[in-house]
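> Sequence and computational prediction follow.
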Amino acid sequence: MLNFQNNINLAPYTTFGVQAKAKLFVEVDSEASFLELLETPERKNNQHLFLGTGANILFTKDFDGLIVKINIKGKDIIEKTDTSVIIDVGAGEDWNEFVRWTIDQKWAGIENMVAIPSSVWAAAFWNIGAYGMEAKDRIISVHGINTATKEAITLSNIECLFGYRESIFKQQLKDNFLITKVRFGLHVYSDQYTLNTNYRDVQQWIADSWSKITLKTIAKAIAEIRSHKLPDRKVLGTAGSFFKNPMISKEKFALLKTNFVHLMSFDVADEPGYIKLSAGQLIEIAGFKGYKKGNAGVYNKHALILVNYWWATGREIVDLAGEIQSKVQETFSVSLSPEVIYV
Ligand code: EPU
């Protein structure tokens, strides 16, 4: 049964928590309810926008259309052997709860992506990633409904055109395809499984804690590392990393290094001529760490995180982002592109 609501305040539905209203709002909890929605005048006469946890979106004004909140739940084990497991997960499941559940089952493969604020829908839509893992590494396929043809379709991993915080769902299929479930392939955890402890922060945690590194302890380590770097979303509104880490050529990096000797770089898989810079470091060198502009600001423990201190509007946050982009461009001739989508 679809329950349309009018003139809804969207602040509680996004992690930034900025004030904005939606003309219409509805939750879908199954493929059937989404197919029903497609036949309604509310949907036919309005633009629509899909919303998961609202962790990577910034409303800059009221939304004159229909917000479709994805609330499709369920976890089905499709196949299990002694070494592997295949699971279908509803797009509306909470990502972190799903990751923690897999760890409790002693299944490995997504443990480094613990504590990311996201839904399973957004995990595929954005190809979320952290600490050397990306959702695409474990996604077998993505199932959903084409809004124009109303067909149910399954896209293989390759067909999803995953990239760094990119997918076909964010580009060619934007607004035209509702992801309803995602199929993941995980490993049954054993001593043979190699945990990814490559990140310096993770290695430091291991050295400091004297813990034996297991599936559970690595998730604990990463959750702790994240909690020290990222604000508590119950206290400060934020969308996590605001910008993507920019990719530049190795030649350009060599030139930049002559002026900025401490500039960090990270290798990019499949792009031998390029490196990724740390956007957080660029923003810090440009002088913005801890900077406040009205009610918006740059978090004082991590410069890639923009925060809503108190009642910031979406516009204020966009203006702050623009100021940062200009200064970074001026200082390094590097352009920062937002990871967060402006609406
Ligand atoms: N750094 C600074 N100053 C800062 C912040 C960071 O110099 O103010 C330096 C750090 O010292 C570090 C480097 O920048 O050496 C990278 O920082 P960090 O490890 O925190 O990772 P990140 O590149 O800023 C990315 C993802 C995060 C993910 C982490 C860990 C993007 C845009 N962000 O951040 O993902 O959790 O790596 O893997 O790729 C997200 O997308 O919302 C997100 C949180």
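Received it, and whenever you're ready, just let me know what you need.

> The ligand contacts on the stretch 101-250 of the chain?
Within the stretch 101-250 of the chain, the positions adjacent to the ligand are 130, 131, 229, 240, 241, 244, 245 by C-beta under 6 Å from any ligand atom. Backbone N, C-alpha and C define where each C-beta goes, glycine included.

> close enough to count as contact, residue 139 and residue 160?
Yes - at 7.0 Å, residue 139 counts as touching residue 160 under the criterion of C-beta atoms under 8 Å.

> what is in contact with these two at once?
Common contacts of residue 139 and residue 160, defined by C-beta atoms under 8 Å, 6 or more residues apart in numbering, comprise residue 124.

> wait, residue 205 sits on residue 224?
Yes - the criterion here is C-beta under 8 Å, and residue 205 meets it with residue 224 at 6.9 Å.

> The two - which one has more neighbours?
residue 205 (21 against 14; other C-beta atoms under 10 Å).

> can you tell me which residues contact the closest residue to that one other than its chain neighbours?
Excluding the flanking residues, the one nearest residue 205 by C-beta to C-beta, 6 or more residues apart in numbering is residue 221, at 4.2 Å. The neighbourhood of residue 221, defined by C-beta under 8 Å, 6+ apart, consists of 202, 205, 206, 209, 211, 213.

> Drop anything exposed from those.
For the contacts of residue 221, a burial check counting by 16 or more other C-beta atoms under 10 Å picks out 202, 205, 206.

> Could you check the longest helix seen in the chain and say which residues are buried?
When secondary structure is assigned using DSSP state H, the longest helix within the chain turns out to be helix 314-332. Within helix 314-332, the residues that qualify as buried by neighbour count (16+ other C-beta under 10 Å) are 314-321, 324-325, 327-328, 331-332.

> could you dump these to a markdown table with distance to the ligand?
Putting the buried residues of helix 314-332 into a markdown table (distance: C-beta to the nearest ligand atom, whole Å) gives the following:
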| residue | distance to the ligand |
| --- | --- |
| 314 | 18 |
| 315 | 22 |
| 316 | 20 |
| 317 | 15 |
| 318 | 17 |
| 319 | 20 |
| 320 | 15 |
| 321 | 13 |
| 324 | 12 |
| 325 | 14 |
| 327 | 14 |
| 328 | 13 |
| 331 | 14 |
| 332 | 13 |
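
> ok, of those residues, which one's closest to residue 126?
Of all those, the one sitting nearest residue 126 is residue 321; the distance, using C-beta to C-beta, is 17.9 Å.

> so what's the closest one up against?
Neighbour list for residue 321: 242, 243, 306, 338 [criterion: C-beta under 8 Å, 6+ apart].

> Please apply the same query to residue 153.
143, 144, 145, 146, 177.

> Kindly indicate the member of these with the most neighbours.
residue 144 (24 neighbours).

> Could you pick out the longest strand of this protein?
Across the chain, the longest stretch assigned as strand under DSSP state E is strand 177-188.

> The residue in the stretch 51-200 of the chain that the ligand sits nearest to pairs with what?
For the stretch 51-200 of the chain, the residue closest to the ligand is residue 130, as judged by C-beta to the nearest ligand atom, at 3.5 Å. Beta-bridge partners of residue 130, counted by DSSP bridges, are residue 133.

> Ok, residue 94 next?
When assigned by DSSP bridges, residue 94 has beta-bridge partners residue 119.

> So it sits against residue 55, correct?
No - counting by C-beta under 8 Å, residue 94 does not reach residue 55; the two are 10.7 Å apart.

> okay, those two: which has more neighbours?
Ranked by neighbour count (other C-beta under 10 Å), residue 94 and residue 55 place residue 55 first, with 21 against 16.

> what about that one, which SS state?
Classification of residue 55 using DSSP: H, G, I helix; E, B strand; the rest coil returns coil.

> check contacts around it.
Neighbouring residues of residue 55 by C-beta under 8 Å, 6+ apart: 14, 15, 117, 118, 122, 239, 240.

> ok, for residue 319, nearest residue in space, not its chain neighbours?
In space, residue 319 is closest to residue 293, 7.2 Å off (C-beta to C-beta, 6+ apart).

> Let me see the contact set for the closest residue to the ligand within the stretch 101-250 of the chain.
At 2.9 Å from the ligand, residue 240 is the closest residue in the stretch 101-250 of the chain, using C-beta to the nearest ligand atom. Taking C-beta under 8 Å, 6+ apart as the definition of contact, the neighbours of residue 240 are 15, 55, 56, 116, 117, 230, 305, 339.
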